[in-house]
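# sequence? don't have it. structure:
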């Protein structure tokens with residue numbers, strides 16, 4: 001069973017199936033092509049590591065991680081639109097890296113839409129580097145959009 005995380009960064013608690021209503025409200029507000037409830041549910045049922053950041057009883061951010069051997073894969077990260085631009089994304093990312101280190105992950109991988117300049121800047125500022133490109137990885141308004149694969153050494 002996952003335990004709540006308290007760090008110098010953000011206090012997170014594990015995501016459960018009971019949290020999916022709130023997660024979906026935020027997911028649908030934050031992304032033009034959101035994950036479905038079934039995706040979140042399947043991730044949790046298969047043992048992926050979901051984390052929530054709440055303040056004053058309100059969900060302000062979350063993330064879904066997958067661990068494979070010595071790798072951590074950041075599958076989904078979200079900050080509530082009204083909370084963006086306040087440093088929460090950086091703090092959440094740093095806290096997730098801390099979680100990765102506690103799980104003995106050496107590298108963190110993620111994909112980001114080629115058009116998501118704000119997220120790309122966040123990841124670059126956090127020390128991630130571009131390591132690949134996934135052609136047509138994301139659904140887009142008119143067809144498909146490439147995903148940039150990024151990685152960071154955690155230790």
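Alright, I've got the coordinates. Every value quoted in this text rests on a predicted model; they were computed, and no experiment measured them.

# For the rest of this, base every contact and every neighbour count on C-alpha atoms.
Noted.

# name the helices or strands packed onto the top helix by length along the chain?
Ranked by number of residues, the top helix in the chain under DSSP state H is helix 88-102. Applying 3 or more Cα pairs under 8 Å, 6 or more residues apart in numbering; DSSP states H and E, one finds that helix 88-102 makes contact with strand 71-79.

# try 10 Å
Using 3 or more Cα pairs under 10 Å, 6 or more residues apart in numbering; DSSP states H and E, the elements in contact with helix 88-102 are strand 49-55, strand 58-68, strand 71-79, strand 107-113, helix 117-125.

# And these: which comes nearest residue 139?
Closest approach to residue 139 among these is made by strand 107-113 (9.6 Å; Cα to Cα).

# correct me, but residue 133 touches residue 150?
Yes - when contacts are counted by Cα atoms under 10 Å, residue 133 is listed as touching residue 150 (8.8 Å).

# Between those two, point out the one with more neighbours.
Neighbours per residue, other Cα atoms under 10 Å: of residue 133 and residue 150, the larger number sits with residue 150, 20 against 16.

# For residue 86, see how far away that one is.
Noted for residue 150: a distance of 23 Å to residue 86, by Cα to Cα, to the nearest Å.

# How about residue 111, nearest residue that isn't a chain neighbour?
Spatially, and ignoring its direct neighbours in sequence, residue 111 is nearest to residue 149 (4.6 Å; Cα to Cα, 6 or more residues apart in numbering).

# There's contact between that neighbour and residue 133 in this structure, I believe.
Yes - using Cα under 10 Å, residue 149 is in contact with residue 133, at 5.5 Å.

# Quickly list what's touching both of these two.
Overlap of the contact sets of residue 149 and residue 133 (by Cα atoms under 10 Å, 6 or more residues apart in numbering) consists of 111, 112, 113, 114.

# What is the nearest of those residues to residue 140?
Set against residue 140, the nearest of these by Cα to Cα is residue 113 (9.6 Å).

# ok, the residue nearest to the closest one when sequence neighbours are not counted - contacts?
For residue 113, ignoring the flanking residues on the chain, the nearest one in space by Cα to Cα, 6+ apart is residue 147 at 4.7 Å. By Cα under 10 Å, 6+ apart, the residues touching residue 147 are 110-116, 132-138.

# Low-confidence stretches in this structure?
1-8 (pLDDT under 70).

# in it, which residue is closest to the centre?
Most central in the chain under Cα atoms, centre = their mean is residue 77, positioned 2.3 Å from the mean C-alpha point.
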